[in-house]
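**Student:** for reference, the sequence and a predicted model appear below.
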Amino acid sequence: MTARFKDRVAAALADPVLKLAIDRTTGNAERKRAAAVADFPQFGAARARGQAIKDHVIAHLDHYLEMFERNATARGTQVHWAADDAEARAIVTNICLAANARRVTRSKSMLGEEIGLPHALADAGIERVETDLAEHIIQLAGEHPSHIIWPAMHRTREQVAELFKTAHQPPPAAEDPATMVQSARRVLREKFLSADVGISGANFLIADTGATCTVTNEGNAELTTTPPRIHIVTAGIEKLVPSTAHAFALLRLLVRSATGGEMTQYTTFHAGPRRTGDADGPEEMHIVLVDNGRTKMLANEFRDMLRCIRCGACMNHCVVYRQIGGHAYGGTYPGPMGSVLTPVLDGLAISRDLPNACTMNGRCAEVCPVGIPLPTLLRAWRRRSWREGLEPAPVRAGIGLWAQFARRPRLYRLATRLGLRVLRLFGRSGWISRLPLARGWTDYRDMPRPAAKSFMDQYRAEQRARK
Amino acid sequence: MTARDRILSAIRATLGPGKPANEIAVEAALLLEPVDTARPALVAPALPDAFAQKAAAIGTTIDRVSGMAGVPQAAARYLKAHGLPPRLAMQPTPELSALDWAGITPSPQIAPDEPAALGLALWGIAESGSLVIHSGPGNPILMSFLPLHHIVVLREATLLPYLEDYAARLSPQQVPRNAILITGPSGTTDIEGSYVRGAHGPGFLHVILVSGAG
């Protein structure tokens, strides 16, 4: 991956196949979500409730963490705590190594990606088998997820067929999705049943039962967590809910917002290892509670972001994401929610471009099922970037110059009038498609020719005419 | 300091002294009230009809029979209709093994590539067309995930209107090791968003909905 955001964006915009792939998946997601919400007149009330539940948990986070720990321990689950990604990786790999695990199956978890678990397992010499179909595809391609719900959405069926042809023995007989899904089913079935450890994430941690709750559609999660001797869950500390009923209230929002369904095919609760007489199930269950920046967000202006339930609606509805796709963002989480989280996880110095790559059109906040004011949070990062002196010199100088004019209204209006005349020269056809010094804008989009007179001039003329 | 102490003390430094646990519990319970304003209405007044409509909408097929004695015949009908041999992996539970399986060979074991398995749902949820299964001595979880065709017996008497009604039946201190809500056959949209059934779990989900007490 190229280091500069601008270069990654340029590469993404120059890739017509990527644009097609993004349009197919996000367009579908947008239509299906709209239909699901239209079919649920109580959605507004449910959203207000979901937001209130998350706010309540965050306001009593220590209480719920201890309650969850107590109840999970009572069910026989071993609870671990990790302050950062390195601690979380060490805990998981040590459990695997202590068990002499050779093969680990993994059910998709964005937290696992966030803490760098795939690499950590490889470094420990453990075979990692991604079992979610999309994760299987990107594992074969050696890539990172480009979307939190559809990690392989940047790949077309032809590209997937190319990967499966080499990796699956015998190779799939045709390139249609159904045949390729069958092929993955056959190849992965054997891996499920021979794994030593199964690793999954959690959508919710239920405080009063000590259970984890995970939602999936493929059935790979159950096949990942049931046969191996050990089941490990990694989850962020913000995933807590007071009870199963609270999880259901949030599930109604999560699934509709993510895929436009009402319920995922499988909603699975895990509470501890195999019990006496159980017909199957792991002998050990571990859960790793991961902070990794979350307690910092609790203390600063990004606390609202802890409500996020990772549905992906914000990216499906983001005009920027839909042009550049997920990889251009360069972090674990793409799109609007990723642009808020990446500076927390990777530091603002290397990710300051992300909060700036936003049109502030507000669609993400409109569709967020837990009412996160994403544009406000992105603006907060922009303010910080300015305050911390991270904006490059030309930007600072440019804004400084603008401020000189903006503080002098007469001069500002004069400059606006001149500017309008010049701009109109470039837009004789009605659109400005080339502009000196602004190629960064005009290379990718045209600007409408401005009105002949500025707002202030028009307003004054109107006032005069009324007298 | 352990990671646990560091995390909890960072939280407490921000949040300050907490409220008493009983006050938090009251607050949490109130968040769910009134329950009806934030959940969808059932699609039909009678629970079996509402369940059947929702289940059918997500690709589950339904066969409604009267009395548990009709289950083996319904299962045989299904196998025949799909060109499957008269064999079933069957959940080892007395309610099912007590039935007269003449003509079908049920097995308590399940093979990795089992064509068909039959199980019993503890509850059905009318709101979403979901089936509830719990792990335990009488229910291997893999029985519901390895077969290509998953046949589930659901008694109308065990239908619940809403997800909350299921939650209310769980005693927090006695939850099962593994509880699963199954809502339709396994599926994926991971390749170009195009929907394909039978990703890893069953490609076919068939419910035998049983009315009456017998």
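**Tutor:** Great, that's in hand. Numbering: from 1, shown residues only, chains lettered A, B, ... in the order given.
**Student:** now the helices for the stretch 51-200 of chain A?
**Tutor:** Ranges of helices in the stretch 51-200 of chain A, per DSSP state H, counting those that start in this stretch, are A:61-74, A:85-98, A:110-114, A:117-123, A:133-141, A:157-167, A:177-194.
**Student:** how about chain B?
**Tutor:** Applying DSSP state H to chain B gives helices spanning B:3-15, B:21-30, B:47-57, B:71-81, B:94-97, B:163-169.
**Student:** same check on the stretch 301-450 of chain A?
**Tutor:** A:313-316, A:321-324, A:335-346, A:348-351, A:353-356, A:363-367, A:374-387, A:393-406, A:409-426, A:439-442.
**Student:** out of these, the one nearest A:S454 is which?
**Tutor:** helix A:409-426 (4.8 Å; CB to CB). No exception for glycine: its C-beta is placed from N, CA and C like everyone else's.
**Student:** re earlier: just name the most buried of the helices of chain B.
**Tutor:** Of all these, helix B:47-57 has the most neighbours on average by mean count of other CB atoms under 10 Å in any protein chain shown, namely a mean of 20.
**Student:** contacts only, for the residue in chain A that chain B sits nearest to.
**Tutor:** Here chain A gets closest to chain B at one residue, A:G219, 2.3 Å apart by CB to the nearest CB. Going by CB atoms under 8 Å, 6 or more residues apart in numbering or on different chains, A:G219 touches A:265-266, B:145, B:186, B:199-202.
**Student:** these two touch, right, B:G129 and B:T61?
**Tutor:** No. Counting by CB atoms under 8 Å, B:G129 stays clear of B:T61, with 11.6 Å between them.
**Student:** so which of these two has more stuff around it?
**Tutor:** Neighbour totals were compared for B:G129 and B:T61, and B:G129 leads with 27 against 15 (other CB atoms under 10 Å in any protein chain shown).
**Student:** how about the helices of chain B in TSV, adding mean pLDDT and distance to chain A?
**Tutor:** Listed next are those as TSV, based on pLDDT from 0 to 100; distance: least, CB to the nearest CB, whole Å:
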stretch	mean pLDDT	distance to chain A
helix B:3-15	98	4
helix B:21-30	98	4
helix B:47-57	98	8
helix B:71-81	98	20
helix B:94-97	96	14
helix B:163-169	98	4
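**Student:** of those helices, which approaches A:A134 most closely?
**Tutor:** Of those, nearest to A:A134 by CB to CB is helix B:47-57, at 24.8 Å.
**Student:** contacts made by that closest one with the rest, please.
**Tutor:** A:262, B:42-44, B:62, B:64, B:124-129, B:154, B:156, B:159-161, B:184, B:207, B:209, B:211.
**Student:** for stretch A:100-108, what is the average pLDDT?
**Tutor:** Averaging pLDDT along stretch A:100-108 yields 96.
**Student:** that stretch and chain B in contact?
**Tutor:** No. Shown here: stretch A:100-108 not in contact with chain B (CB under 8 Å from any CB of the partner chain), separated by at least 9.8 Å.
**Student:** what does that stretch rub up against?
**Tutor:** The contact list for stretch A:100-108, computed with CB under 8 Å, 6+ apart, reads A:96, A:112, A:117-118, A:121, A:126-132, A:134-135, A:151, A:191-192, A:194-201, A:214, A:216, A:220-221, A:223-225, A:228, A:230.
**Student:** the same query, at a cut-off of 6 Å, please.
**Tutor:** A:121, A:126-132, A:135, A:192, A:195-200, A:220-221, A:224 (CB atoms under 6 Å, 6 or more residues apart in numbering or on different chains).
**Student:** need the buried ones from those residues selected in PyMOL.
**Tutor:** Selection of the buried residues among the contacts of stretch A:100-108 in PyMOL, burial being defined by 16 or more other CB atoms under 10 Å in any protein chain shown:
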select buried, chain A and resi 121+126+128+129+130+131+132+135+192+195+196+197+198+199+200+220+221+224
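**Student:** can you check which of the helices of the stretch 51-200 of chain A gets nearest to A:W386?
**Tutor:** helix A:110-114 (27.1 Å).
**Student:** convert that closest one to CSV, retaining C-alpha atoms only.
**Tutor:** Taking Å, rounded to 0.1, in the frame of the first residue of the first chain, the C-alpha atoms of helix A:110-114 are listed here in CSV:
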residue,chain,number,x,y,z
MET,A,110,-13.0,-6.3,12.9
LEU,A,111,-11.5,-6.1,16.4
GLY,A,112,-9.2,-9.0,15.4
GLU,A,113,-8.0,-6.9,12.4
GLU,A,114,-7.7,-3.8,14.7
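**Student:** that one packs against which elements?
**Tutor:** Helix A:110-114 sits against strand A:230-236, with contacts defined as 3 or more CB pairs under 6 Å, 6 or more residues apart in numbering or on different chains; DSSP states H and E.
**Student:** mean confidence for the strand it packs on?
**Tutor:** 98.
**Student:** what about stretch A:10-23, how long is it end to end?
**Tutor:** One end of stretch A:10-23 to the other measures 18 Å (CA to CA, to the nearest Å).
**Student:** that one and chain B, are they touching?
**Tutor:** No. Shown here: stretch A:10-23 not in contact with chain B (CB under 6 Å from any CB of the partner chain), separated by at least 6.9 Å.
**Student:** hmm, who's touching that stretch?
**Tutor:** A:154, A:156, A:322, A:324-325, A:328.
**Student:** out of those, which end up buried?
**Tutor:** A:154, A:156, A:322, A:324-325, A:328.
**Student:** give me the lowest-pLDDT entry from these.
**Tutor:** Among the buried ones among the contacts of stretch A:10-23, A:T156 has the lowest pLDDT, at 90.
**Student:** what's the local residue count around the residue of chain B found nearest chain A?
**Tutor:** Of all residues in chain B, B:G201 sits closest to chain A, at 2.3 Å by CB to the nearest CB. As a burial measure, B:G201 scores 28 neighbours (other CB under 10 Å).
**Student:** so it makes contact with B:F145?
**Tutor:** Yes. Using CB atoms under 6 Å, B:G201 is in contact with B:F145, at 4.8 Å.
**Student:** which parts of the longest helix along chain A are buried?
**Tutor:** Taking DSSP H as the criterion, chain A has its longest helix at helix A:16-38. Using 16+ other CB under 10 Å as the test for burial, helix A:16-38 gives A:18-19, A:21-22, A:24-26, A:28-30, A:32-33, A:36-37.
**Student:** want to throw those into JSON lines with pLDDT?
**Tutor:** Output for the buried residues of helix A:16-38, formatted as JSON lines (pLDDT from 0 to 100):
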{"residue": "A:L18", "pLDDT": "94"}
{"residue": "A:K19", "pLDDT": "93"}
{"residue": "A:A21", "pLDDT": "91"}
{"residue": "A:I22", "pLDDT": "93"}
{"residue": "A:R24", "pLDDT": "89"}
{"residue": "A:T25", "pLDDT": "91"}
{"residue": "A:T26", "pLDDT": "94"}
{"residue": "A:N28", "pLDDT": "92"}
{"residue": "A:A29", "pLDDT": "94"}
{"residue": "A:E30", "pLDDT": "96"}
{"residue": "A:K32", "pLDDT": "96"}
{"residue": "A:R33", "pLDDT": "97"}
{"residue": "A:A36", "pLDDT": "97"}
{"residue": "A:V37", "pLDDT": "97"}
